[in-house]
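Chemist: got a predicted structure plus its sequence, pasted below:
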Amino acid sequence: MAPVKKSMQRTTTTSSNQLPTSVGDLNDPPPLAQNQLKRGMSSRHLQMIAVGGSIGTGLFVASGGTIAEAGPGGALVAYAAVGLMVYLLMQSLGEMTAKLPVAGSFQTFATRFVSPSFGFAIGWNYWFNWAITVAAELVAAGIVMSFWLPDVPGWIWAAVFLVALTALNALSAKAFGEGEFWLAMIKVATVVAFLAAGVLMIFGVLGTQSDPLANWREGKEVFHGGWLSILSVFMIAGFSFQGTELVGVAAGEAKDPRREVPKAIRRVFWRIMLFYIGAIFIIGCLIPFADPSLLASGEADVASSPFTLVFERAGIAFAAAAMNAVILTAILSAGNSGLYASTRMLYSMAHDGKAPKIFGRTNSRGVPIVALLATAAVGLFGFLTALVGQGAAYTWLLNVSGLCGFIVWVGIAVSHYRFRRGYLAQGFDVKDLPYRAPLFPLGPIVAFLMLIAVIVGQNYQAVLAGHGLEVLSAYIGLPLFLGLWLGHRLVTKSKMVTLEQMDLSAPEDIEESAAVRSTRTGVTN
């Protein structure tokens, strides 16, 4: 086996995987002895962080709009296609993350395996993605609260929940993981209960459903709007699945990431697919796509989610109010995970010289508190609800954040393709990888092509109709990313990393623990 290349080898031990760069550091990294993350999260934390970050407003709130747009069959096809794409991306992420479990995750991979400028753009794009998502969740939380207290302005709830989420993230990583575990458990239990109730309603045990498959018959516009409508809801479906990649970020603070990351990735995807596909099918059976309530769920009446409507039609009035409480929990959980992910990304970029060094500082509990406060400040966008209306702000923020997430997924596919090529070029054997993506190279290539198609055509209606504001909100993430990438390259003169120069070294604390485990068990990973 060829030795690991040292052309970009780090000079200081750190769980954040600091890299000396050749791209013109903004500042010298802070002293790492006082500014390290702490590995305190277990396997169950990793799994629930991924589940919690991806089950939120996309499922509980936006799913009704997808069925109204493309019909039950169209929505099901869109979610299934996105699920396949995510499956391929999770394989790619699992291979890289198990080998290099660092908090920087995507931006570190993009920097090492593509180019420093590409990593710079991916990192800031991901931070922006989740920071904006936190704002979107705050908007949605205010909308849900109006179910009980319609006279209280949404911006008040945005402020309250922003303070609460920031306080929770200021605790240790282990405490955050534990809190997110129980928040996600509430969501998972609720979805399971919804699926069970939906099945009972379909078979007539609950409610008054007389023909459960009536909405799926020919003539009922099962695929309302055809393939173009399916493409148009693909964006919303993709936003719904965004968050599964959080396991890659959390790996930087996991106790045994080389064993637990592959386990979490294998389990999480199928659970999420079951929840989404099952929920869309049940909603499609119980609520016609042209139902006025579904059509209203995209604007100011977002609180009337399809989940709430199903329980109401089952004749359980109290369950509707309870479901809104669960929706609120889900929204806050997704926002909480987003605040965590964006904070860690900003922290990692500070240690890699891609952000001011102050963001790389941690408190005594290993929390990057300055990065947390800076990211929380972006949550002030939630106050847009007081200016442009809750529904409009929610939709705009959803579109902006959604495209940013797709761009990051493109970065994962590209990075994995080059990682595997570099791994082989340096003389390594794929059998030695802690986790190996079984569908390489088809997986990242197919995912890349699907993502490009969606990014280009995800809001074709607005383009054809000449709706400038809608086009701006849908595509603004693309010129932002390209500007960061090309601007950084122009300033720093950085070039693509060659296969032979790729830094494939893992954090030293991980290598040490692997060596100790190998000595004890005789098994290498």
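Modeler: Great, that's in hand. Remember, it's a predicted structure, so these values are computed and weren't measured experimentally.
Chemist: show me where the stretch 51-200 of the chain has helices.
Modeler: Along the stretch 51-200 of the chain, counting by DSSP state H, counting those that start in this stretch, helices occupy 57-60, 63-99, 105-113, 116-145, 154-169, 173-202.
Chemist: in CSV, list those along with mean neighbour count, distance to residue 275 and mean pLDDT.
Modeler: The way it works is simple: take the backbone N, C-alpha and C, and place the C-beta from them, glycine included. Listed next are the helices of the stretch 51-200 of the chain as CSV, based on neighbours: other C-beta atoms under 10 Å; distance: least, C-beta to C-beta, whole Å; pLDDT from 0 to 100:
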stretch, mean neighbour count, distance to residue 275, mean pLDDT
helix 57-60, 27, 7, 74
helix 63-99, 25, 10, 88
helix 105-113, 28, 24, 91
helix 116-145, 28, 18, 85
helix 154-169, 19, 23, 86
helix 173-202, 19, 5, 84
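Chemist: quick one: closest of the ones you listed to residue 41.
Modeler: Evaluated over the helices of the stretch 51-200 of the chain, closeness to residue 41 peaks at helix 173-202, with 4.2 Å, by C-beta to C-beta.
Chemist: just how off-centre is that closest one within its chain?
Modeler: Centroid separation for helix 173-202 versus its chain: 18 Å, with C-alpha atoms, centre = their mean, to the nearest Å.
Chemist: want to throw the helices of the stretch 51-200 of the chain into JSON lines with distance to residue 224?
Modeler: Shown next, in JSON lines, are those (distance: least, C-beta to C-beta, whole Å):
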{"stretch": "helix 57-60", "distance to residue 224": "20"}
{"stretch": "helix 63-99", "distance to residue 224": "3"}
{"stretch": "helix 105-113", "distance to residue 224": "36"}
{"stretch": "helix 116-145", "distance to residue 224": "25"}
{"stretch": "helix 154-169", "distance to residue 224": "31"}
{"stretch": "helix 173-202", "distance to residue 224": "21"}
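Chemist: which one of the ones you listed lies closest to residue 459?
Modeler: Per C-beta to C-beta, nearest to residue 459 of the helices of the stretch 51-200 of the chain: helix 63-99, 12.0 Å.
Chemist: quick one: low-confidence parts of the stretch 201-350 of the chain?
Modeler: Applying pLDDT under 70 to the stretch 201-350 of the chain flags residues 207-210, 218-220, 295-304, 317, 319-320.
Chemist: for it, what spans make up the helices?
Modeler: 226-241, 246-250, 257-286, 292-296, 306-313, 317-351.
Chemist: contacts only, for residue 234.
Modeler: Applying C-beta atoms under 8 Å, 6 or more residues apart in numbering, we find residue 234 in contact with 78, 81, 82, 454, 458.
Chemist: got a list of what the first one touches?
Modeler: This points to residue 78. For residue 78, counting by C-beta under 8 Å, 6+ apart, the contacting residues are 66, 70, 230, 231, 233, 234, 236, 237.
Chemist: quick revisit: single out the most deeply packed of the helices of the stretch 201-350 of the chain.
Modeler: helix 246-250 (a mean of 28; mean count of other C-beta atoms under 10 Å).
Chemist: and the furthest pair within the contacts of residue 234?
Modeler: Largest pairwise distance in the contacts of residue 234, by C-beta to C-beta, is 12.9 Å, between 81 and 458.
Chemist: burial count for residue 490?
Modeler: 10 (other C-beta atoms under 10 Å).
Chemist: quick one: pLDDT of it?
Modeler: With respect to pLDDT, residue 490 scores 94.
Chemist: that one is in what secondary structure piece?
Modeler: helix 477-492 (DSSP states H and E).
Chemist: so what touches that helix?
Modeler: So helix 477-492 is contacted by 23-24, 115-118, 120-121, 124-125, 128-129, 400, 403-404, 407, 455, 494 (C-beta under 8 Å, 6+ apart).
Chemist: please name whichever of the helices of the stretch 51-200 of the chain is nearest to residue 309.
Modeler: Comparing the helices of the stretch 51-200 of the chain by C-beta to C-beta, helix 63-99 comes nearest, at 7.7 Å.
Chemist: off-centre distance for that closest one?
Modeler: With C-alpha atoms, centre = their mean, you get 12 Å for helix 63-99.
Chemist: can you check stretch 286-294 too?
Modeler: 28 Å.
Chemist: could you dump it to CSV, C-alpha only?
Modeler: Extracted C-alpha coordinates of stretch 286-294, given in CSV (Å, rounded to 0.1, in the frame of the first residue of the first chain):
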residue,chain,number,x,y,z
LEU,A,286,-57.7,10.6,1.9
ILE,A,287,-57.6,14.1,0.4
PRO,A,288,-58.4,15.0,-3.3
PHE,A,289,-55.6,17.0,-4.9
ALA,A,290,-58.1,19.8,-5.7
ASP,A,291,-59.3,20.1,-2.1
PRO,A,292,-59.4,23.8,-1.2
SER,A,293,-57.6,23.0,2.1
LEU,A,294,-54.7,21.6,0.3
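Chemist: picking up where we left off before, for the helices of the stretch 201-350 of the chain, could you give me CSV that also reports distance to residue 422?
Modeler: Listed next are the helices of the stretch 201-350 of the chain as CSV, based on distance: least, C-beta to C-beta, whole Å:
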stretch, distance to residue 422
helix 226-241, 28
helix 246-250, 18
helix 257-286, 19
helix 292-296, 48
helix 306-313, 45
helix 317-351, 21
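Chemist: could you verify my assumption that residue 376 touches residue 164?
Modeler: No: the pair residue 376 / residue 164 is not scored as a contact, 10.8 Å apart, by C-beta atoms under 8 Å.
Chemist: kindly provide the distance from residue 138 to residue 54.
Modeler: Plainly put, residue 138 is 18 Å away from residue 54 if you go by C-beta to C-beta, to the nearest Å.
Chemist: same check, this time on residue 162
Modeler: Counting by C-beta to C-beta, the gap from residue 162 to residue 54 is 21 Å.
Chemist: ok, now residue 117?
Modeler: Residue 117 is 29 Å from residue 54, by C-beta to C-beta.
Chemist: this completes my enquiry, with thanks.
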